[in-house]
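*Asks:* generate a structure from the sequence data that follows.
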Amino acid sequence: MLELVRAGGWPMIPLLLLSVVALAIIVERFWSLRRKVVLPPGLGAEVRAWAAKGRLDPAHIDSLRRNSPLGALLAAVLDVRHRTREEIRERTEDVGRHQVHKMERFLNTLGTIAAAGPLLGLFGTVVGMIQMFLGILDQGIGDVNQLAGGIGKALVCTAAGMIVAIPALCFHRYFRGRIAAYIVDMEHEAFELMDALDPRAAAARAAAAASGQAPATPPARASASVD
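*Replies:* Modelled structure (predicted):
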């Protein structure tokens, strides 16, 4: 392995640095995007129980806001619970965009590494080929086996660039998909809390339960996603 790194020349140094940065980002995102950290189990039901009991003092809401991304979104709903449903939806969307931005931290860097890795590897290969052909120009072709070995060494950078880029691209897509799934679940919890705070929605659910019918769909939706 060390011989391959040496064969690639100085362009291998930035590739190795990119690989270290990519690995650090992947580990950090795996730790930060654990489901129990983003969407603590049972938090939505607990907040709805607070609302039902009227335990919505500022201390509870501030504690909820610091709890998790889901907690911050539900706290935003509680902050404007006395306004119209449309205003609550707009506030939820604003806070949701901020939470998505936080969850996507470092993902742009990971995507940049996935795009730059092959280009940097190709650059190293081109540099190696230029050096090899300049040597041929000065000393002639010489040994064919030595020439083939020189070409093989020049291609080391291309292979290294792909080795760095492919995992970075895969994990970049994976984390984006995980965040999108979290957004859907956070939206659902926000809808449930909005319904719990809306007396009309509560009355509709009670009437539906009494008649044995499914409750009506809420007239508006809150979204925490961004395009």
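
*Asks:* how about Cys157, what does it touch?
*Replies:* With Cβ atoms under 8 Å, 6 or more residues apart in numbering as the criterion, the residues that contact Cys157 are 8-9, 11-12, 15, 120-125, 127-128. The way it works is simple: take the backbone N, C-alpha and C, and place the C-beta from them, glycine included.

*Asks:* run the last query once more with 7 Å
*Replies:* Cys157 is in contact with Gly8, Pro11, Met12, Gly121, Gly124, Thr125, Gly128, counting by Cβ atoms under 7 Å, 6 or more residues apart in numbering.

*Asks:* so the fifth one makes contact with Ile13?
*Replies:* So that's Gly124. No. Applying Cβ atoms under 7 Å as the test, Gly124 and Ile13 come out as separate, 9.7 Å apart.

*Asks:* for those two, indicate the residue with more neighbours.
*Replies:* Comparing Gly124 with Ile13 by neighbour count (other Cβ atoms under 10 Å), the higher total belongs to Gly124, at 25 against 12.

*Asks:* could you report the pLDDT at the more buried one?
*Replies:* Confidence at Gly124, expressed as pLDDT, is 82.

*Asks:* cool, and Ala204?
*Replies:* Per-residue confidence (pLDDT) for Ala204: 56.

*Asks:* any idea how many residues pack against the residue lying closest to Lys102 once chain neighbours are set aside?
*Replies:* With Cβ to Cβ, 6 or more residues apart in numbering as the criterion, Lys102 has its nearest non-adjacent residue at 6.9 Å, and that residue is Pro69. Taking other Cβ under 10 Å as the criterion, the count of residues near Pro69 is 24.

*Asks:* ok, Pro69 - contacts?
*Replies:* Taking Cβ under 7 Å, 6+ apart as the test, what Pro69 contacts is Val38, Gln99, Lys102, Met103, Met186.

*Asks:* distance-wise, check it relative to Lys153.
*Replies:* 48 Å (Cβ to Cβ, to the nearest Å).

*Asks:* same question for Arg48.
*Replies:* For Arg48 relative to Lys153 (Cβ to Cβ), the value is 64 Å.

*Asks:* equivalent analysis for Ala76, please.
*Replies:* If you go by Cβ to Cβ, the gap between Ala76 and Lys153 works out to 57 Å.

*Asks:* with Arg35 instead?
*Replies:* With Cβ to Cβ as the criterion, Arg35 and Lys153 are 46 Å apart.

*Asks:* do Ala115 as well
*Replies:* Using Cβ to Cβ, one obtains 25 Å as the distance from Ala115 to Lys153.

*Asks:* more neighbours: which of the two?
*Replies:* Lys153 (18 against 14).

*Asks:* residues touching Ile179, list them.
*Replies:* Shown in contact with Ile179 (Cβ under 7 Å, 6+ apart): Val100, Met103, Glu104.

*Asks:* on that earlier part again, next step: the contacts of Cys157 restricted to helices.
*Replies:* Under the assignment DSSP state H, the contacts of Cys157 contribute Gly8, Met12, Gly121, Gly124, Thr125, Gly128 to helices.

*Asks:* quick one, longest helix in the protein?
*Replies:* In the chain, assigned by DSSP H, the helix with the most residues is helix 156-197.
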